[in-house]
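Student: got a predicted model here, sequence first, then my questions.
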Amino acid sequence: MGCGSSIDVQDNKTTLLLNQASTAITDNDSIYLMKTDTKCPSLETEEIRYFVRILRANCLNFLTTTLMNHFIFYSLSDEMFYCCLHSNTTLYPKECVASCFFILERGNLQYEGCPLQKGSTIGELSLLLRLEKQKNVKAIDDCFFWGLDKSTFLNSLDYIMAKQYLQNKQFITGQSFYQFLTPMQQDGLAQNIIVTKYRPNAIIAQEGERADSFIVIKSGQAAVYKGTKFIRYLQPRDCFGENSLQTTTKRNATIQAVSEVQCLVLTREKVKQILGNDVKKQLQFAVIRQILKQLKTPSLEIEKLLPSFRFHHYNNEIFDINELHDYLVIVVEGTMRSEDQMYHKGDLVSDVYDDQQFYCTGTLAKLDKVKLELEDYVIEDSTYEFKRVRPQFAELNNQKLIANSSYGTLYKVEYKNEKYVLRKISRDIISQWNLEKQIKQERKILEIINNPFVANFHQYYSDEQHIYFLQDYIKGKNLGDYLHDNGLLDKEKAQFLISQMILLLETFSNLSIISREFKPNNFIIDKNGYIYLIDFKTSKQAYRTHTIIGNPHYMAPEIIEGKGYTTFSDVWSVGVCLYEFLCGGVPFGEDQDDPYKVYEDILNYQIKYPQFYRDQVGKNLMNQLMSLNVYQRVGSSFDELKAHKWFNIFWDQLQHKQLKLNPKKQDSNLKRLNVEQKSSLQFL
């Protein structure tokens, strides 16, 4: 791909160089066509790509050598374009935000009056760190560059980060502390692994120094020494430093690279951000969760039971099993053994004779069995399935225009006496706005999502002039308009709406979908208080992405900072919605229309609550949802979030739409629907 319209051009002097013999000039054994334009052409056609490949082949050694130390940009060398800056012109008009990264191949170029050498790089920090201004870079004579535009950089960076995330996750999956964690915790750790490289004989870890990281050998070979004594070799997948994740320790050996070594490093500070400050306790809870799940304990009840467990530590001590007779006992650290039995970390102690004696070195978690027996759990199937219809286009009847916009046209149609929405989009519009990738992504997401709080997708159609999406017709009102008409919501209504958003986000998280547009105006609310997300145009399926997109007032700080973000950014948006429901307005930039002023307010991060809102539990939840620590917004899983004290709702019934909100009565309770009432719910 080329730079499209994102490259900075001044006075028609920025020129794309292509190899084309018909009108070419020869210079240093490379043949280039100089094509002057006010815009750098997008390298989309196969013909242009062919020319660029020839140029790239001529400069392959130069690119490889120059980018060798640029980990990210080295992986993007195949996406770079070739261009020229004429003499006595500047690369960036005045001081501006750099939209491209450049490598100087040849020519006399000066940066703030200082000459730059062949192979110098310009603009990489602006793409990586989003520095606002790029200072004056001037060509003394004609200068030739390899460049990479910002859009290509961000899209390719998503791919690189996803690939590295999967590799990192694969390497640490077998580690004992990792395997008990929830999928959300595992993903958080895998996304925060740092890759480090060491040359032969370099010291990876020094005996006696402070240990604050867990390290896995990814490639190469390292040697372990105690003092000057050789102990053993470390090979790929070998690791050290697991205890340092829980508490401050010192390295008990020196690790030295034998060959070139690549390591995966996970620091204690990152682990604390993801799991919480008490890492040891969270790792113990992770073991307990696994056992309770095996006992078929409902997920929400597990989160409520965890604080009731008591931990007992043993140092090769003998105890009588009668001491544990009335308890559910789980080995969360170390081992527990008798003459003929051995229990390890993650084992449930059961089928033990009363007269047996055990030796234990480690930690046991105990829960009074009475607490389990007192709970009358109702285990329901919380899955949701809808029946997708697949009518032929000709079978859609009674088309009625609903809305018309520059993006597309909406029609209400009927099929077998059921109403649906048909969205028609012009192929000319798709081509004009470069929406091909967005449409493909939206269709992919609509086809895989299965949730009661979306306008479900049924069928896709296309002809020579248009494409069409057939979705559920939702009879209701825009949620933004509903809020405008009703003002502040009471706790019951706010809880009912936010709970649906959280259930929807849980589905998104499981499918690695990032919405980036969780705001009231993108939901329809029906007469029973159920909401439906109707806009997926900005949604993306990715582990992590970097593109800045969305409504500024609902945008999480990590999006603005360009650090990359996940589904947790949508959790922030839900926090903004909850604030809007209960407090009126949005917490950041309420009186601002300028996006940059809104961004500044978000980054300053001061959540202020109106004097009339005094619910401390509600404030606690909003502070959690809008936490700067993205991993604390949900906790270990969505089940932990749903167990928050502010919620007083039957989640399974809500998932199946078996609850009904009385919109007229203030401070009313959620009503259960009987079978007859359930049939009155409208899914139009």
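Tutor: Looks like it arrived, so ask away.

Student: phi, psi for Asn168 please.
Tutor: Taking degrees, to the nearest 10, you get phi -60, psi -40 for the backbone angles of Asn168.

Student: show me what contacts it?
Tutor: Taking C-beta atoms under 8 Å, 6 or more residues apart in numbering, we find Asn168 in contact with 190, 193, 195, 264. From N, CA and C alone the C-beta is placed, and that goes for glycine too.

Student: for these, which one is nearest Asp141?
Tutor: Val195 (40.0 Å; C-beta to C-beta).

Student: the closest one belongs to a helix, doesn't it?
Tutor: No - according to DSSP: H, G, I helix; E, B strand; the rest coil, the state of Val195 is strand, so it is not within a helix.

Student: which residue sits closest to the residue most central in space within the chain, ignoring its sequence neighbours?
Tutor: Residue closest to the average C-alpha location in the chain (C-alpha atoms, centre = their mean): Thr566, at 1.4 Å. With sequence-adjacent residues excluded and distances taken as C-beta to C-beta, 6 or more residues apart in numbering, Thr566 is closest to Arg544, at 5.4 Å.

Student: surely that neighbour and Gln191 touch.
Tutor: Yes - counting by C-beta atoms under 8 Å, Arg544 touches Gln191, with 6.3 Å between them.

Student: so what's in contact with those two at the same time?
Tutor: Common neighbours of Arg544 and Gln191 (C-beta under 8 Å, 6+ apart) are 165, 566.

Student: for the residue nearest to the centre of the chain, list the residues it contacts.
Tutor: 187, 191, 514, 543-545, 630.

Student: can you tell me how far it is from Lys280?
Tutor: For Thr566, the distance to Lys280 (C-beta to C-beta, to the nearest Å) stands at 26 Å.

Student: report the rounded mean pLDDT for stretch 260-273.
Tutor: Stretch 260-273 shows an average pLDDT of 92 in the prediction.

Student: and stretch 515-530, by the same measure?
Tutor: 94.

Student: that one: end-to-end distance?
Tutor: 19 Å (C-alpha to C-alpha, to the nearest Å).

Student: what comes up buried for that stretch?
Tutor: 515-520, 522-526, 528-530 (16 or more other C-beta atoms under 10 Å).

Student: okay, these in JSON lines with distance to Ile140 and secondary structure next?
Tutor: Formatted as JSON lines, the buried residues of stretch 515-530 follow (distance: C-beta to C-beta, whole Å; DSSP: H, G, I helix; E, B strand; the rest coil):
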{"residue": "Ser515", "distance to Ile140": "49", "secondary structure": "coil"}
{"residue": "Arg516", "distance to Ile140": "44", "secondary structure": "coil"}
{"residue": "Glu517", "distance to Ile140": "47", "secondary structure": "coil"}
{"residue": "Phe518", "distance to Ile140": "51", "secondary structure": "coil"}
{"residue": "Lys519", "distance to Ile140": "50", "secondary structure": "coil"}
{"residue": "Pro520", "distance to Ile140": "56", "secondary structure": "helix"}
{"residue": "Asn522", "distance to Ile140": "52", "secondary structure": "helix"}
{"residue": "Phe523", "distance to Ile140": "57", "secondary structure": "strand"}
{"residue": "Ile524", "distance to Ile140": "61", "secondary structure": "strand"}
{"residue": "Ile525", "distance to Ile140": "63", "secondary structure": "strand"}
{"residue": "Asp526", "distance to Ile140": "67", "secondary structure": "coil"}
{"residue": "Asn528", "distance to Ile140": "71", "secondary structure": "coil"}
{"residue": "Gly529", "distance to Ile140": "68", "secondary structure": "coil"}
{"residue": "Tyr530", "distance to Ile140": "67", "secondary structure": "coil"}
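
Student: could you check how far Lys280 is from Leu245?
Tutor: Lys280 is 9 Å from Leu245, by C-beta to C-beta.

Student: repeat for Asn510
Tutor: 26 Å.

Student: and these two? Which one has more around it.
Tutor: More neighbours surround Leu245 than the other of Asn510 and Leu245, with 23 against 12 (other C-beta atoms under 10 Å).

Student: show me the contacts for the more buried one.
Tutor: 177, 213-214, 266, 268, 271, 279.

Student: for it, give me the pLDDT.
Tutor: 89.

Student: same thing with Asn551?
Tutor: pLDDT, Asn551: 92.

Student: repeat for Ser99
Tutor: 68.

Student: and for Lys678?
Tutor: 31.
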